[in-house]
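Asker: I need the structure of the sequence given here:
(one chain, ligands or ions: 1)
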Amino acid sequence: MDGSPDDISNLKYLLEPESVAVIGASRDPQKIGYQVLWNLIGGGFPREKIFPINPKAEEILDLKCYPSILEVPEKVDLAVIVVPAKIVPMVLKQCVEKGVKAVAIISAGFGEVGNIAAEEEIVRIAREGGMRLLGPNIVGVANTHNNMNASFCQALPFKGNIAFITQSGALAIALVGWTLLEKIGLSALVSLGNKADVDDADLILYLRDDPKTSVITIYMEGLDDGRKFMDAASKVSAQKPIIIVKAGRSERGAKAASSHTGSLAGSDIAYTAAFKKYGVLRASNIQELFDWAMATAYMPPLKNNNVVILTNGGGAGVLATDECESSGINLMDIPPELAEELRKYMPPFGSVGNPIDLTGMATKEWYKGALKALLSHKDVGGVIVLYCHTAITAPMEIAEAIIEAYEESNKDKPITTSFIGGSECLKSQEHLRRNNIPSYPSPERAVSAMAALLERGKYLMKPPSKAPKLDVDRVTAQRIIGKALEEDRSALSSIEAFQVAEAYGIPVPPLQVVKSREEAVSVARSVGFPLVAEIESPDIIHKTDVGGIVLNIENEDAALKAFDQILENIKKNTPTAKVIGVAFRKMVEEGQEVLVGMHRDPTFGPLIAFGMGGIFVNILKDVSFRITPLTEMEAKEMISETKASKILYGYRGMETLDINSVVDVILRVSQLAMDFKEITDIDVNPLFVYRNGCVAVDVKILLGKSEKNENKP
Ligand code: COA
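Answerer: Have a look, this model is predicted:
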């Protein structure tokens, strides 16, 4: 318990304090300090463990007031601070003196308005005093299971097992009302504010071991330390689902997010890749966040992607079917013996296809019988139950039938439900939710919830794998990169880039630099024809524009001519460029073009890309991404995720290409990016892929002085 940023033990006092002081508890009901006190009392926190601090008051809300926290006769675990920013440092020092373990600073006026020094000061006081600090600029913190509402939200949410962490305080306020309306129970509600000390990573690690929390949901605008978050997610995800809404998807949204909290929203693709790596589910909006949270909190993951839709209405079934197809949910064929069993629960004109249509005549008994039959069949992985309100059935009865069928099953397969209709359906939906059955008003949402369970299932079933340690020549790469950095260059020359690639085991064509006319013929012969001649100069990036490249050189005479011509063009077009020579590179046989690249993301570090190469890459955007370090499985997934990978796997009678060699290049690019933090970008584009092997036809390596989020894999 040292108050260091990595110490999460004191978070216990933030979320499960035995006593709470409110510093800045006000006598005025219009002030936040009054509301926080009111909420603590109203939420049911033991009155004798609430200590209002206010030097001007004797008593507030019938509780004795203390002029300073130092006067409180008992120990204080948590201090909620609601005094103006300028006196926060002073009261914080008193908290340290008192031995307070955690503080939640509601006060605004720090980093979010550019008051960085003040924010640094309060963090320093807290850390030196061994306290963890939540905020500043927050709505507060609430824990339903110990009746603690240390916030100025309008009420304490229902008790439940979903924890909600939010970077936006306003959203916390708004959501409490919404969760009450939707009958969604929360375990904890934490407003993060400026995240000056306690951040998302700390909280997910803490909540992993909280028995009252089974799902962690987050509204996130940005992370300062992406690697810290990934590290925490890797430790939590296998035990508890983490579901995130990350705002700032659009360019405009990213700008709004950064100005709102003062934190920079990293590139959206990197966030998606980082989340995916450790099974964090990314919801696209708040509704989806809670839909998925409910499903993952109540149901086991979908580990067998053989799903059945059970319905009493054809239209609802069709809507759900369409949604299943686009979500990757496999609707299984119903085996004959199961079909025979299901026939018992429908009229002769019912359907035992998938969707199974019990028809509008479906009764409570039919729903129960059919659902039980499905859940007990070995091939069925999960069931989506749909119900359209008919005049001959009471929705509540059908809800009851579903609850009974599920209770009587082994509860090892997930179900999601949708009740489509008016207020009676809404009541049934609430009844299902109270009985731990995820229920939604539309078929699409029930399918989306099942898709989240599928994604979770896939993550949990992944065999453990580690990034391979590859055999590379780091010394050579170091020498080349070091030299370029010494010369203050921001890119390697094309030959240098090829040499670095070669040192890292990425296949490159034979090549050599020619420095004189005398060498030209012999070098050309040793490289082999046909060859490409191109200017080797650290100052020239776009060679074609300055006449610095000649293709299709078939013989020695042509090689010599190309050498002369290139030097002449350079002299004429860019006389000041430093010329090292002319590089002769063997032209390789054309293969299937792909690209492997790396961009160093400021939040998460190296982001590896794979996609089809060629001129359409920017239009089609058929590219997949992962954050380093990469495992072999991830590299394979990257390839198969792209639509164009079908070409590599042998589309319509085309020959199958050497995918393993591409996997190897992806892993080597990943290793290179991790070994050299100075590399900001790598482009192996195009990489020609053949039946056997592949060759990098062009390699670009850009350099910079990266300081943040270095290679902490
Ligand atoms: N210790 C304890 N209480 C003290 C004190 C001290 N050293 N000095 C003053 N107080 C008392 C005040 O007397 C007052 O009580 P009173 O109303 O009974 O007189 C109370 O603390 C509050 O102080 P006050 O100066 O009236 O501040 P305020 O209530 O107007 O504003 C904040 C305080 C923290 C709410 C305000 O500065 C703020 O930051 N607001 C924004 C909060 C926010 O939006 N957070 C983010 C949400 S997303």
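Asker: what residues does the strand or helix carrying A533 touch?
Answerer: Assigned by DSSP states H and E, A533 belongs to strand 531-536. For strand 531-536, the external contacting residues (CB atoms under 8 Å, 6 or more residues apart in numbering) are 493-495, 513, 524, 543, 546, 548-553, 559, 562-563, 566-567, 570, 579-587. Yep, even glycine has a C-beta here, placed from its N, CA and C like the rest.
Asker: Please save the CA atoms from stretch 269-276 in PDB.
Answerer: Extracted C-alpha coordinates of stretch 269-276, given in PDB (Å, rounded to 0.1, in the frame of the first residue of the first chain):
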ATOM      1  CA  ILE A 269      -8.000   1.500 -35.500                       C
ATOM      2  CA  ALA A 270      -5.400   1.000 -32.800                       C
ATOM      3  CA  TYR A 271      -8.000   1.000 -30.100                       C
ATOM      4  CA  THR A 272     -10.000  -1.600 -32.000                       C
ATOM      5  CA  ALA A 273      -6.900  -3.700 -32.500                       C
ATOM      6  CA  ALA A 274      -5.800  -3.400 -28.900                       C
ATOM      7  CA  PHE A 275      -9.200  -4.400 -27.600                       C
ATOM      8  CA  LYS A 276      -9.500  -7.300 -29.900                       C
END
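Asker: Going forward, the N-terminal residue is numbered 41.
Answerer: Sounds good: first residue 41 from here, last item stretch 309-316.
Asker: For it, buried residues please.
Answerer: Residues 310-316 are the ones in stretch 309-316 that count as buried (16 or more other CB atoms under 10 Å).
Asker: Now for the spatially most central residue of the chain: which residues touch it?
Answerer: Among the residues of the chain, the one closest to the centroid is F315, at 2.3 Å (CA atoms, centre = their mean). Under the criterion of CB under 8 Å, 6+ apart, the neighbours of F315 are 273, 284, 286, 321-322.
Asker: For it, grab phi and psi.
Answerer: phi -60, psi -50 (degrees, to the nearest 10).
Asker: Quick check: it vs the ligand, distance?
Answerer: Distance of F315 to the ligand, given as CB to the nearest ligand atom, to the nearest Å: 25 Å.
Asker: Spell out which residues of the protein are next to the ligand.
Answerer: Counting by CB under 6 Å from any ligand atom, the residues of the chain close to the ligand are 63-64, 66-68, 71-73, 93-97, 122-124, 127, 131, 146-149, 177-179, 209-210.
Asker: Which of those residues fall within strands?
Answerer: Judged by DSSP state E, the residues of the chain next to the ligand include 63, 93 as members of strands.
Asker: Looking at the residues of the chain next to the ligand, which are in helices?
Answerer: Among the residues of the chain next to the ligand, DSSP state H puts 72-73, 131, 209-210 in helices.
Asker: Which strand or helix spans D373?
Answerer: Under DSSP H and E, no helix or strand contains D373.
Asker: in the chain, what spans have low per-residue confidence?
Answerer: 41-46, 289-306, 654-660, 745-753 (pLDDT under 70).
Asker: For the residue in it that the ligand sits nearest to, which non-adjacent residue is closest in space?
Answerer: Taking CB to the nearest ligand atom, the ligand has its nearest neighbour within the chain at G209, 2.2 Å off. Distances taken as CB to CB, 6 or more residues apart in numbering place V179 nearest to G209, at 3.8 Å, with adjacent residues excluded.
Asker: for P281, phi and psi?
Answerer: Main-chain torsions, P281, degrees, to the nearest 10: phi -70, psi 140.
Asker: Please apply the same query to L712.
Answerer: The phi and psi values for L712, taken as degrees, to the nearest 10, are phi -60, psi -40.
Asker: And for it, the neighbour number?
Answerer: 27 (other CB atoms under 10 Å).
Asker: So it sits against V724, correct?
Answerer: No. Contact between L712 and V724 fails when scored by CB atoms under 8 Å: they sit 9.9 Å apart.
Asker: A337 reaches I256, doesn't it?
Answerer: No. Using CB under 8 Å, A337 is not in contact with I256, being 10.1 Å away.
Asker: end to end, how far does stretch 72-92 reach?
Answerer: End-to-end distance for stretch 72-92, by CA to CA, to the nearest Å: 13 Å.
Asker: same question, stretch 639-646
Answerer: One end of stretch 639-646 sits 6 Å from the other (CA to CA).
Asker: what does stretch 580-594 give?
Answerer: Length of stretch 580-594, first residue to last, CA to CA: 25 Å.
Asker: Show me which positions of that stretch end up buried.
Answerer: Across stretch 580-594, burial judged by 16+ other CB under 10 Å covers 580, 583, 586-590, 593.
Asker: same thing with stretch 213-224?
Answerer: 213, 215-216, 219-220, 222-224.
Asker: just stretch 603-613 next, same as before
Answerer: Of the residues in stretch 603-613, 603, 606-607, 609-610 count as buried by neighbour count, 16+ other CB under 10 Å.
Asker: what do you get for stretch 182-198?
Answerer: Buried residues in stretch 182-198 (16+ other CB under 10 Å): 182-186, 188-193, 196-197.
Asker: Share the number of residues neighbouring L500, please.
Answerer: Quick note: L500 (other CB under 10 Å) scores 15 neighbours.
Asker: what's the helix or strand that contains it packed up against?
Answerer: Assigned by DSSP H and E, L500 belongs to helix 483-501. Helices and strands touching helix 483-501, as assessed by 3 or more CB pairs under 8 Å, 6 or more residues apart in numbering; DSSP states H and E, comprise strand 321-323, helix 326-338, helix 354-367, strand 422-428, strand 455-460, strand 479-480.
Asker: Same list (the ones you listed) but as TSV, adding distance to N79 and mean neighbour count.
Answerer: Below are the helices and strands packed on helix 483-501 laid out as TSV (distance: least, CB to CB, whole Å; neighbours: other CB atoms under 10 Å):
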stretch	distance to N79	mean neighbour count
strand 321-323	28	22
helix 326-338	22	24
helix 354-367	40	18
strand 422-428	39	26
strand 455-460	34	28
strand 479-480	30	27
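Asker: For these, could you give me JSON lines that also reports distance to L742?
Answerer: Shown next, in JSON lines, are the helices and strands packed on helix 483-501 (distance: least, CB to CB, whole Å):
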{"stretch": "strand 321-323", "distance to L742": "29"}
{"stretch": "helix 326-338", "distance to L742": "37"}
{"stretch": "helix 354-367", "distance to L742": "38"}
{"stretch": "strand 422-428", "distance to L742": "47"}
{"stretch": "strand 455-460", "distance to L742": "47"}
{"stretch": "strand 479-480", "distance to L742": "47"}
